[in-house]
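> structure of the sequence below:
(one chain, ligands or ions: 1)
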Amino acid sequence: MNSDIPSLDLDLLPRHIAIIMDGNGRWAKKRSLNRIRGHREGAESVRDIVRACREIGIAVLTLYAFSSENWQRPQKEISALMSLLKEFLRSELAEMMENNIRLNAIGQIEKFPNDVLEVLQEVMDMTRKNHGMILNLALSYGGRDEIVAATQKIAAEIQAGRLQPEEITKEVFSNYLYTKGMPEPDLLIRTSGEMRLSNFLLWQIAYTEIFVTSTLWPEFRRGELIQILHDYQKRERRFGMTGEQIKKASPRQ
Ligand code: FPP
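Predicted coordinates for the structure are as follows:
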């Protein structure tokens, strides 16, 4: 185990961390490199952060790798991102198996080209039984699309007589989302300083603690993640209650 982990309170770890990985383009621009080099270096941060989260004992890590809006980028950049994703999946499979990580995709993956889908499906199948950590890659993901799709599925269930409108609760609704069965994110990190949610996990982040760092994604590595976790452990999560109520319910905080 790395020596930075014991400094964390293992009873107060987030179960689910979600990350908006932003700033690859700016990282490249600062170095007069093309944007694709930025994404390539960003993939190195992905490797480092996945490894760190697994070692720390995070149950679910969700990474915003490609949004539904990213299809509007230049074709050359889209193709490079697809190749990078394929390369990443192929190169990380062995480590995912070794470290007991299950790969899962959230989003409209059917929009991806067949060659990418095949590798993605293969890695998801191979890692299906792993239970050490879930690595969720948000691919062609949009929060509003996810909510609309859930609503359509619920409407179809009602039409078929399998569900009554009054049976729709928040919990039932959650079961129609891509993140069904997973804990909601406790911590959302966004790199590169932008104060936006960019259509990410809109339903799931209702009570999530948000951290925005000015660090560009390709420079975001384990050390900063640990720092953020220290900050997270100092925050008081109130879920709409008063500070006093929270202290009574869990005296450790
Ligand atoms: C945002 O940077 C990043 C993306 C749109 C893609 C994220 C992709 C990676 C981190 C690399 C590959 C991913 C995996 C899972 C292997 P940006 O291009 O919007 O940066 P900018 O805002 O500075 O232009």
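> pull the helix or strand with minimum mean pLDDT from the chain.
Every helix and strand of the chain was ranked by mean pLDDT, DSSP states H and E. The lowest is helix 243-249, at a mean of 80.
> mind telling me what element Ala28 is part of?
In the assignment (DSSP states H and E), Ala28 maps to helix 24-30.
> near the ligand at all, that helix?
Yes: contact of helix 24-30 with the ligand (Cβ under 6 Å from any ligand atom) involves Asn24, Gly25, Arg26. Backbone N, C-alpha and C define where each C-beta goes, glycine included.
> confidence score at the second one?
When you say that, I think you mean Gly25. For Gly25, the pLDDT comes out at 98.
> residues contacting the closest residue to it other than its chain neighbours?
In space, and not counting its chain neighbours, Gly25 is closest to Arg35: 4.6 Å by Cβ to Cβ, 6 or more residues apart in numbering. Counting by Cβ atoms under 8 Å, 6 or more residues apart in numbering, Arg35 touches Asn24, Gly25, Ala28, Lys29, Glu77.
> how many neighbours does Trp203 have?
The tally of other residues near Trp203 (other Cβ atoms under 10 Å) stands at 16.
> returning to what we had before: which strands and helices lie in contact with the helix holding Ala28?
Here helix 24-30 touches helix 35-56, going by 3 or more Cβ pairs under 8 Å, 6 or more residues apart in numbering; DSSP states H and E.
> now the helix it packs on: buried residues?
Counting neighbours by 16 or more other Cβ atoms under 10 Å, one finds that the buried residues in helix 35-56 are 35-43, 45-46, 49-54, 56.
> nearest to the ligand, of the residues of helix 24-30 next to the ligand?
Using Cβ to the nearest ligand atom, Gly25 comes nearest to the ligand of those, at 2.4 Å.
> got a list of contacts for the strand or helix carrying Glu95?
Taking DSSP H and E as the definition, one finds Glu95 inside helix 75-98. If you take Cβ under 8 Å, 6+ apart as the criterion, helix 75-98 is touched by 35-36, 39-40, 43, 46-47, 50-51, 65-66, 70-71, 73, 101-103, 112-113, 115-116, 119-120, 123, 126-127, 130, 135, 137, 139.
> could I get the contacts of Arg35 as CSV with neighbour count?
What follows is the contacts of Arg35, written out as CSV (neighbours: other Cβ atoms under 10 Å):
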residue, neighbour count
Asn24, 24
Gly25, 21
Ala28, 21
Lys29, 14
Glu77, 15
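> distance from the helix holding Ala28 to the middle of the chain?
22 Å (Cα atoms, centre = their mean, to the nearest Å).
> repeat for stretch 29-41
In this view, stretch 29-41 has its centroid 23 Å away from the chain centroid, taken as Cα atoms, centre = their mean.
> average pLDDT for that stretch, rounded please.
For stretch 29-41, the mean per-residue pLDDT is 98.
> okay, the residue in the stretch 51-200 of the chain that the ligand sits nearest to: pLDDT?
Residue of the stretch 51-200 of the chain nearest the ligand, by Cβ to the nearest ligand atom: Phe88 (3.5 Å). With respect to pLDDT, Phe88 scores 98.
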